[in-house]
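J.: model this:
(one chain, ligands or ions: 2)
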Amino acid sequence: MPRQPHRPNREEALALLHEYVENENLRKHALAVEGVMRHMARKYDGEEDAWGIIGLIHDLDWEKFPERHCTMTRQILEEHEWPSDWIRAVLSHGWGLCTDVQPESTLEKCLFAVDELTGLVTACVLVRPSRSVHDLKPKSVKKKWKVRNFAAGADREIIRKGADMLGVSLDELIADVIAGMRDAAADIGLDGNAV
Ligand SMILES: [Fe+2]
Ligand SMILES: [Fe+2]
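T.: Ligands and ions are numbered 1, 2, ... in the order given. This next block holds a predicted model:
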């Protein structure tokens, strides 16, 4: 009988993330992208756990190997015998930046589209008096979108490209990212209770 491919569960993925990522903000970024990917899986009829885990692990090598981003993640996940389609999905978030793996599946297009946008949404929440994602409206994100030097690291062009690939408007994408981040709000410190 052919060997069943190993399908890591969330616990394993989280342990691996903690092994390679110590920075609190990068861990929160991983959890934010996971929350949004879970939301996207429900919306696009995907497998929620797989989408979430891929979101959680996508920046695995960023802290320790920034100059080899994606390449090292590939190596680590291969060593852990992760499914090749999961690895491909992870690599596709760096398309045009550090890989030539173009997003093809809906999962991959979602990951590409939401990654940078979680950063912009986080920045939008952190300048609110409430510091809560629960009362953040897409309109406020849209306003900050136009302010070039606000959260300048969140590449608007990539986000726009991702929305186009998915065939959704920027407004719809922003609403989805906010919804997914609300689900993860407590874990990412954006539920208004952060000190
Ligand atoms: Fe990345
Ligand atoms: Fe990322």
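J.: in this protein, which spans are helices?
T.: Along the chain, the segments classed as helices by DSSP state H run 10-20, 24-43, 48-57, 71-79, 84-92, 106-126, 138-145, 156-166, 170-183.
J.: buried residues in the third one, which are they?
T.: For helix 48-57, the buried set under the neighbour-count rule, 16 or more other CB atoms under 10 Å, comprises 50-57. Quick note: C-beta positions are derived from backbone N, CA and C, even for glycine.
J.: equivalent analysis for the second one, please.
T.: If you call a residue buried by 16+ other CB under 10 Å, then helix 24-43 has these buried ones: 26-41.
J.: angle of it against helix 10-20?
T.: With axes from the mean of the first three to the mean of the last three CA atoms, to 10 degrees applied, the angle from helix 24-43 to helix 10-20 works out at 150 degrees.
J.: ditto for the shortest one
T.: Per the same axes, to 10 degrees, the angle that helix 138-145 makes with helix 10-20 is 30 degrees.
J.: quick one: the most centrally placed residue in the chain from residue 6, how far?
T.: Against the mean C-alpha coordinate of the chain, by CA atoms, centre = their mean, the closest residue is residue 33 at 2.8 Å. Counting by CB to CB, to the nearest Å, the separation of residue 33 from residue 6 is 22 Å.
J.: now residue 170
T.: 38 Å.
J.: neighbour-wise, which of the two wins?
T.: Taking neighbours as other CB atoms under 10 Å, residue 170 and residue 6 compare with residue 170 leading, 19 against 11.
J.: quick one: contacts for that one?
T.: Neighbour list for residue 170: 142, 145, 159-160, 163 [criterion: CB atoms under 8 Å, 6 or more residues apart in numbering].
J.: just the pLDDT for residue 125.
T.: pLDDT, residue 125: 98.
J.: wait, which of the helices of the chain is closest to ligand 2?
T.: Closest to ligand 2 of the helices of the chain is helix 106-126 (CB to the ion; 4.3 Å).
J.: shaky segments in this protein?
T.: The chain contains residues with pLDDT under 70 at 1-4, 194-195.
J.: which residues of it lie near ligand 2?
T.: 59, 115 (CB under 5 Å from the ion).
J.: can you pull the contacts of residue 54?
T.: Neighbours of residue 54 in contact, by CB under 8 Å, 6+ apart: 37, 86, 89-90, 107, 111.
J.: from these, which is closest to residue 62?
T.: Nearest to residue 62 out of the contacts of residue 54 is residue 90 (CB to CB; 11.6 Å).
J.: what's around the nearest residue to that closest one once chain neighbours are set aside, how many residues?
T.: Distances taken as CB to CB, 6 or more residues apart in numbering put residue 58 closest to residue 90, at 5.1 Å, once the chain neighbours are dropped. Number of residues near residue 58 (other CB under 10 Å) recorded here: 26.
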